[in-house]
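Asks: What follows is a predicted structure for the sequence shown.
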Amino acid sequence: MPHLGGLAHGVSVHHEMQLLVQSGLSPIDALRSATSVIAKRFSLSDRGQIAEGLRADLVLVKGNPIKDISDTLSIVGIWKEGISYHN
């Protein structure tokens with residue numbers, strides 16, 4: 001795993017998920033900790049899951065982060081509030 005040399009907004013969450021998996025969390029639980037769990041904890045009812053009427057912030061990755069959490073770094077597409085920010 002690469003050392004990030006400090007906090008880098010956005011990138012640090014990927015490193016944190018890798019550390020959680022190394023510490024024994026399953027990849028799916030690490031993903032939940034960065035999405036639905038944190039949204040619920042901070043009462044962000046419009047995000048944290050994919051459902052009609054919610055915010056629609058999505059990241060598409062190449063690979064399967066449920067099998068290899070580092071695949072979250074292989075970003076193919078990004079949507080913020082339903083607007084695409086990729087090619």
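Replies: Cool, the structure landed. Numbers count the residues shown, from 1 in each chain.

Asks: Between the two ends of stretch 25-45, what distance do you get?
Replies: 25 Å (C-alpha to C-alpha, to the nearest Å).

Asks: Same check on stretch 38-52?
Replies: Criterion C-alpha to C-alpha; first-to-last residue distance in stretch 38-52 is 20 Å.

Asks: what's that stretch in contact with?
Replies: Contacts to stretch 38-52, defined as C-beta atoms under 8 Å, 6 or more residues apart in numbering, come from residues 35, 36, 37, 54, 55, 56, 57, 58. To be clear about C-beta, it is placed using only N, CA and C from the backbone, and glycine gets the same treatment.

Asks: how about 7 Å then?
Replies: 35, 36, 54, 55, 57 (C-beta atoms under 7 Å, 6 or more residues apart in numbering).

Asks: these two touch, right, the last one and residue 80?
Replies: Yes. Taking contacts as C-beta atoms under 7 Å, residue 57 lies within contact range of residue 80: 5.4 Å.

Asks: neighbour count winner among these two?
Replies: In this comparison of residue 57 against residue 80, neighbours counted by other C-beta atoms under 10 Å, the higher total goes to residue 57 at 16 against 12.

Asks: which residues touch the helix ranked longest in the chain?
Replies: Secondary structure assigned by DSSP state H gives helix 11-22 as the longest helix of the chain. Counting by C-beta under 7 Å, 6+ apart, helix 11-22 makes contact with 1, 4, 27, 30, 31, 33, 34, 69, 70, 72, 73, all of which sit outside it.

Asks: about what we covered before: CSV please, covering the contacts of stretch 38-52 and showing secondary structure.
Replies: Written out in CSV, the entries for the contacts of stretch 38-52 read as follows (DSSP: H, G, I helix; E, B strand; the rest coil):
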residue, secondary structure
35, coil
36, helix
54, coil
55, coil
57, coil
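
Asks: can I get the residues you listed in a markdown table with distance to residue 46?
Replies: As requested, those are arranged in a markdown table below (distance: C-beta to C-beta, whole Å):
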| residue | distance to residue 46 |
| --- | --- |
| 35 | 13 |
| 36 | 12 |
| 54 | 5 |
| 55 | 5 |
| 57 | 9 |
